[in-house]
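Engineer: Just a sequence and a predicted model for now, questions to come.
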Amino acid sequence: MCLNSFSSFNGRRSGNGKDVVILSHGFGTDQTAWTALRPWLEERYDVVSFDLAGCGPRGADVYDPERHGSLFGYADDLLDIMDELDLRNCTYIGHSMSGMIGAAASVARPDLFERMVIIGASPRYLDDDGYTGGFQPDDLEHLFESMRANYQAWVAGFAPMVVGVDDSAVIADFSNTLFQMRPDIALSTSRTIFTSDLRSLAPQVSTPVHLVQTAHDMAVPVAVGQWLEKAIDGATLDVIDASGHLPHMTAPEEVVRILTHRLGGAPR
């Protein structure tokens, strides 16, 4: 049963196309993260976007610690929205945590998804035997403790590292959306993300997947994208010669180039 309506997630629908594309942002941002890509998408698609629980101006209203203590809870939110709007055969574009949220939703309901573009996603952030996630347990404990001790100071250090390039406008935008999150929800969400392990889910994905990531990303090493490419049958991987975890904000022209190649550039 749908617990919250599309409007509760600050849902927005726009565009001139017939086919539907769903945009789902990553941790610390909200749907405004898609601003640079939206004009290109709106010329070609019926564009649906929303704010994840806990994010955006009304995120705390729909965040449930139990439901959203797992990425599967966010996947349920996505499926609820798709059912409410009667969306089928959609193109899904998900960044970071929303990459695996979309993967989980597509395994549960593959009929709803025509294809997926996953930007900078990771099924597991911790290193493991034969797997490079990029983090050690001590790294995460330091992250969580810094968030808990002084959220304002943590954002001031975290935002530039994640953006990864000297782009003051993007750093300011990312900082602002991080500050919109209630600190306790941000901490809980980061624990959910960074301690998750959805590697077993990847081989179950039957929807065509196009993976995108930058060559230098402090949150998701290229090795993670290569692992997903091998784990998901038929997946493609495009590595952008750029830095940072937010290429749709810092290098949108490169992301559009990839979308044009993988999805087709002509309006439909």
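Structural biologist: Done, it's in.

Engineer: For the rest of this, base every contact and every neighbour count on C-alpha atoms.
Structural biologist: Will do.

Engineer: Would you map the strands across the chain?
Structural biologist: When secondary structure is read from DSSP state E, the chain shows strands at 12-14, 20-24, 46-49, 90-95, 113-119, 209-216, 236-243.

Engineer: could you dump those strands to a markdown table with distance to Ala33 and mean neighbour count?
Structural biologist: Below are the strands of the chain laid out as a markdown table (distance: least, Cα to Cα, whole Å; neighbours: other Cα atoms under 10 Å):
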| stretch | distance to Ala33 | mean neighbour count |
| --- | --- | --- |
| strand 12-14 | 13 | 14 |
| strand 20-24 | 9 | 24 |
| strand 46-49 | 10 | 22 |
| strand 90-95 | 10 | 23 |
| strand 113-119 | 13 | 24 |
| strand 209-216 | 16 | 22 |
| strand 236-243 | 17 | 17 |
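
Engineer: Now find how far off-centre stretch 222-237 is within its chain.
Structural biologist: Stretch 222-237 sits 16 Å away from the centroid of its parent chain (Cα atoms, centre = their mean, to the nearest Å).

Engineer: same thing with stretch 209-226?
Structural biologist: In terms of Cα atoms, centre = their mean, the gap separating the centre of stretch 209-226 from the centre of its chain is 13 Å.

Engineer: Endpoint to endpoint, that stretch covers what distance?
Structural biologist: Using Cα to Cα, to the nearest Å, the end-to-end distance of stretch 209-226 comes to 13 Å.

Engineer: same deal with stretch 215-229?
Structural biologist: 15 Å.

Engineer: Then stretch 31-44?
Structural biologist: According to Cα to Cα, stretch 31-44 extends 18 Å from its N-terminal end residue to its C-terminal end residue.

Engineer: coming back round to it: including distance to Thr260 and mean pLDDT, could the strands of the chain go into JSON lines?
Structural biologist: Output for those, formatted as JSON lines (distance: least, Cα to Cα, whole Å; pLDDT from 0 to 100):
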{"stretch": "strand 12-14", "distance to Thr260": "19", "mean pLDDT": "97"}
{"stretch": "strand 20-24", "distance to Thr260": "14", "mean pLDDT": "98"}
{"stretch": "strand 46-49", "distance to Thr260": "16", "mean pLDDT": "98"}
{"stretch": "strand 90-95", "distance to Thr260": "13", "mean pLDDT": "98"}
{"stretch": "strand 113-119", "distance to Thr260": "12", "mean pLDDT": "98"}
{"stretch": "strand 209-216", "distance to Thr260": "12", "mean pLDDT": "98"}
{"stretch": "strand 236-243", "distance to Thr260": "12", "mean pLDDT": "97"}
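
Engineer: For those, could you give me a markdown table that also reports distance to Leu263?
Structural biologist: Formatted as a markdown table, the entries for the strands of the chain read as follows, by distance: least, Cα to Cα, whole Å:
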| stretch | distance to Leu263 |
| --- | --- |
| strand 12-14 | 19 |
| strand 20-24 | 11 |
| strand 46-49 | 14 |
| strand 90-95 | 9 |
| strand 113-119 | 9 |
| strand 209-216 | 9 |
| strand 236-243 | 12 |
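
Engineer: Tell me which of these sits nearest to Thr132.
Structural biologist: Of all the strands of the chain, strand 209-216 sits nearest to Thr132, with 14.3 Å by Cα to Cα.

Engineer: quick one: contacts for the residue nearest to Ala251 when sequence neighbours are not counted?
Structural biologist: The shortest distance from Ala251 to any residue that is not its chain neighbour, by Cα to Cα, 6 or more residues apart in numbering, is 7.7 Å, and that residue is Ala242. Residues near Ala242 by Cα atoms under 8 Å, 6 or more residues apart in numbering: Thr214, Ala215, His216, Ala251.

Engineer: again with Trp227
Structural biologist: For Trp227, the contact set (Cα under 8 Å, 6+ apart) is empty.

Engineer: ok, so what distance separates it from Val209?
Structural biologist: Look at Trp227 and Val209: by Cα to Cα, they are 13 Å apart.

Engineer: Would you quantify the distance from the most centrally placed residue in the chain to Val224?
Structural biologist: Within the chain, the residue whose C-alpha comes closest to the C-alpha centroid is His95; the distance, by Cα atoms, centre = their mean, is 2.5 Å. When Cα to Cα is the yardstick, His95 and Val224 sit 14 Å from each other.
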